[in-house]
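predicted model follows, preceded by the sequence.
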Amino acid sequence: MDPIPIKKDIIDILQRFFRQDPDFPYEDDQDKTKILVADIHGVDRKNVEQYPAVLVARGTMRYSQVGIGDRAFSTWSTKKAPQPSDTYSSLVNGNIICHCVSYEGIEAERIATKVAPFLEMTKQDIGAHLKIKIQGVAIGDESPLKDWPPSLVDVQVSFNYTYGVTWKITDLDTIIRGSITTIKPV
């Protein structure tokens, strides 16, 4: 699992959600839409200044070990030391932030109070589709949108997610020692 598809899929899901919304109907055609739903870094700022928006961003991610030394063990015995395999596993924890943005604070709040309950009520279905576990849907404070015109009001809806990742490294010794031997003392 890669975090980029998670963000892209959340954008797609929110676009489909707002297509059915009577107050803020989403359309692919910028001239017909009543709301923008897009990647925060891939949207034209002029359009955000014309329409309310849900701008999606990925927050911090953290990799956590799930075993001793992040490795799965091929043998484990009280009589001999564990033998590491070439399989590594981690739990990945991250978060997605949906910036609900408008020039009107009440409108930004209305959008946030549509996004948060939708994500909370459908988190098991969305999680099963994306193969992640969604936890802790929350609405943040009303504040100016950072690095944008100060009159744009931002109400953040965020959630945490977790998924497991496993990968194989076939020649770790060469990777580690090879990089160390290329560094020569001065």
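Now that the structure is in, tell me what you want to look at.

least trustworthy helix or strand in this protein by mean pLDDT?
strand 71-75 (a mean of 49; mean pLDDT, DSSP states H and E).

packing partners for the next helix or strand after that one?
Next in sequence after strand 71-75, counting helices and strands by DSSP states H and E, comes strand 83-102. Judged by 3 or more Cβ pairs under 8 Å, 6 or more residues apart in numbering; DSSP states H and E, strand 83-102 is in contact with helix 3-19, strand 53-65, strand 71-75, helix 105-130, strand 153-168. (Glycine included, C-beta is placed from N, CA and C.)

any idea of the mean pLDDT in the second one?
Spelled out, it's strand 53-65. Averaged across strand 53-65, pLDDT comes to 90.

CA atoms only: put that strand into PDB for me.
The C-alpha coordinates for strand 53-65 follow below in PDB (Å, rounded to 0.1, in the frame of the first residue of the first chain):
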ATOM      1  CA  ALA A  53     -13.600  23.700  -1.500                       C
ATOM      2  CA  VAL A  54     -12.500  20.500   0.100                       C
ATOM      3  CA  LEU A  55      -8.800  20.400  -0.300                       C
ATOM      4  CA  VAL A  56      -7.200  17.000   0.700                       C
ATOM      5  CA  ALA A  57      -3.700  16.700   2.100                       C
ATOM      6  CA  ARG A  58      -1.700  13.800   3.600                       C
ATOM      7  CA  GLY A  59      -0.300  14.600   7.000                       C
ATOM      8  CA  THR A  60       2.500  12.900   8.900                       C
ATOM      9  CA  MET A  61       3.200   9.200   8.400                       C
ATOM     10  CA  ARG A  62       5.100   6.900  10.900                       C
ATOM     11  CA  TYR A  63       6.400   3.400  10.400                       C
ATOM     12  CA  SER A  64       6.300   1.200  13.500                       C
ATOM     13  CA  GLN A  65       8.000  -2.100  14.000                       C
END
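
A53: what's it in contact with?
I35, L36, V37, A38, V43, N47, H99, C100, V101, S102 (Cβ atoms under 8 Å, 6 or more residues apart in numbering).

for those, which one is nearest I139?
C100 (8.6 Å; Cβ to Cβ).

which one of the contacts of A53 is nearest D9?
Nearest member of the contacts of A53 to D9, counting by Cβ to Cβ, is V37, at 12.5 Å.

wait, that closest one sits on I10?
No - with contacts counted by Cβ atoms under 8 Å, V37 stays clear of I10, the gap being 9.6 Å.

the nearest residue to E27 once chain neighbours are set aside - how many residues pack around it?
Leaving aside its sequence neighbours, E27 sits nearest to T33 (Cβ to Cβ, 6 or more residues apart in numbering; 4.1 Å). When counting by other Cβ atoms under 10 Å, one arrives at 20 neighbours for T33.
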